[in-house]
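**Q** Requesting a structural model of the entry that follows:
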Amino acid sequence: MTTVMDFAALDTLPRIGLADLEERAALQTRVDRKYVMPLAAAGLLLETLAPHAVALEINGIRQFAYESLYFDTPELSGFHRTAHRHRRRFKVRTRTYVDSGSCWLEVKVPGPRGSTVKYRAPHDREQQHTVAAGRAFVDDVFGRHGLPAGDHVVLASALRTEYLRFTLLLADTDSRVTVDTALRWSTDGDEVRLSGTAIVETKTGSAASRADRELWRRGHRPVAFSKYATGLAALRPDLPAAPWRRVLRRHFTAAREELVHG
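**A** Next up, the predicted model:
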């Protein structure tokens with residue numbers, strides 16, 4: 001994993017622990033807005049938000065290493081449903097928090113009025129490469145949302161993502177902001193990295209947050225972006241990419257030239 005990026009203002013913020021953050025802003029059902037920008041722009045946003053924000057801190061750490069492994073069917077139905085905005089789309093992943101060693105199995109599905117609903121269950125880190133131990137959990141979520149479930153639905157690993165993240169709580173609205181850097185996607189021996197780019201994501205109820213309004217003021221607009229679907233489209237030019245073509249052209253084209261073929 002790439003070394004921690006230098007966001008100097010991060011260390012000056014008051015801290016909040018994970019339990020308090022989850023109590024105030026768990027936001028398992030939420031509106032996500034994603035922005036892709038240069039690292040310098042993310043640094044300026046952090047400085048602007050600093051008087052209104054607290055930073056998640058765990059064991060003295062404020063920037064955390066994440067690893068996610070996404071699972072899909074052999075025909076990539078999760079990807080294609082996302083690409084075509086199917087109302088019964090889904091994402092299944094294991095997420096490992098490298099610094100603490102904890103691992104979760106997560107399923108994300110669309111919620112009402114453009115929101116996203118995330119379900120999660122503890123998962124054995126040694127089993128992060130498979131959903132077998134949590135298959136009953138996945139099938140239960142699929143069944144509740146009208147998705148095919150059961151042994152005939154094969155889910156295999158399709159894409160790995162790695163990045164660094166810090167999380168802010170905006171105390172006035174109890175909304176969250178995450179900033180991801182050192183971004184890396186890999187599959188089948190190929191990889192692509194966005195070393196000079198940040199993904200800023202706001203997680204709110206229905207109303208826009210202070211961070212959204214500040215980004216809009218600076219000319220940044222939310223973009224269609226999925227770490228799974230956009231990353232897989234970047235690595236697989238044969239797949240449909242219409243929803244993310246602008247992001248791919250603007251941020252991934254140069255990075256494609258640095259693809260490492262194993």
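**Q** Only C-alpha atoms from now on, for both contacts and neighbour counts.
**A** Will do.
**Q** so where do the helices sit in this structure?
**A** 18-25, 39-49, 77-83, 135-144, 210-217, 227-235, 245-247, 253-256 (DSSP state H).
**Q** in the longest one, what's buried?
**A** Looking back up the chat, that one is helix 39-49. Neighbour counts using 16 or more other C-alpha atoms under 10 Å place 39, 42-43, 45-46, 49 of helix 39-49 among the buried residues.
**Q** I would like the residues contacting it, please.
**A** 7, 9-10, 179, 181, 196-198, 200, 210-211, 214-215 (C-alpha atoms under 8 Å, 6 or more residues apart in numbering).
**Q** same check, this time on stretch 51-62
**A** 10-11, 13-18, 21, 166-172.
**Q** Turn the buried ones among those residues into a named ChimeraX selection, would you?
**A** To isolate the buried subset of the contacts of stretch 51-62 in ChimeraX, counting by 16+ other C-alpha under 10 Å, use the following:
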select :10,13,15,16,21,166,167,168,169,170
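**Q** Spatially, which two of the contacts of stretch 51-62 are the most separated?
**A** Comparing all pairs in the contacts of stretch 51-62 by C-alpha to C-alpha, the longest separation belongs to Asp11 and Asp172, at 20.2 Å.
**Q** Report the residue spans of the protein with pLDDT below the cut-off.
**A** Applying pLDDT under 70 to the chain flags the ranges 1-6, 25-30, 254-262.
**Q** From the contact counts, what lies against the longest strand belonging to it?
**A** The longest strand of the chain (DSSP state E) is strand 156-170. Packed against strand 156-170 by the contact rule (3 or more C-alpha pairs under 8 Å, 6 or more residues apart in numbering; DSSP states H and E) you find strand 53-56, strand 64-72, strand 175-187, helix 227-235.
**Q** ok, and which of these has the densest surroundings?
**A** Most buried of the helices and strands packed on strand 156-170, by mean neighbour count (mean count of other C-alpha atoms under 10 Å): strand 53-56, with a mean of 24.
**Q** Return the list of strands paired to it, each annotated with direction.
**A** Sheet pairing for strand 53-56, assigned by DSSP bridges, gives strand 15-16 (parallel), strand 156-170 (antiparallel).
**Q** Tell me which of those sits nearest to Asp32.
**A** Going by C-alpha to C-alpha, the one of the strands paired with strand 53-56 nearest Asp32 is strand 156-170, 14.0 Å.
**Q** and Val200, what is it in contact with?
**A** So Val200 contacts 34-37, 42, 177-180 (C-alpha under 8 Å, 6+ apart).
**Q** Distance check, Arg176 against Ala132.
**A** According to C-alpha to C-alpha, to the nearest Å, Arg176 stands 32 Å off from Ala132.
**Q** mind listing what the nearest residue to Thr230 once chain neighbours are set aside touches?
**A** Using C-alpha to C-alpha, 6 or more residues apart in numbering and skipping the chain neighbours, the partner closest in space to Thr230 is Trp244 (6.2 Å). Shown in contact with Trp244 (C-alpha under 8 Å, 6+ apart): 224-225, 230.
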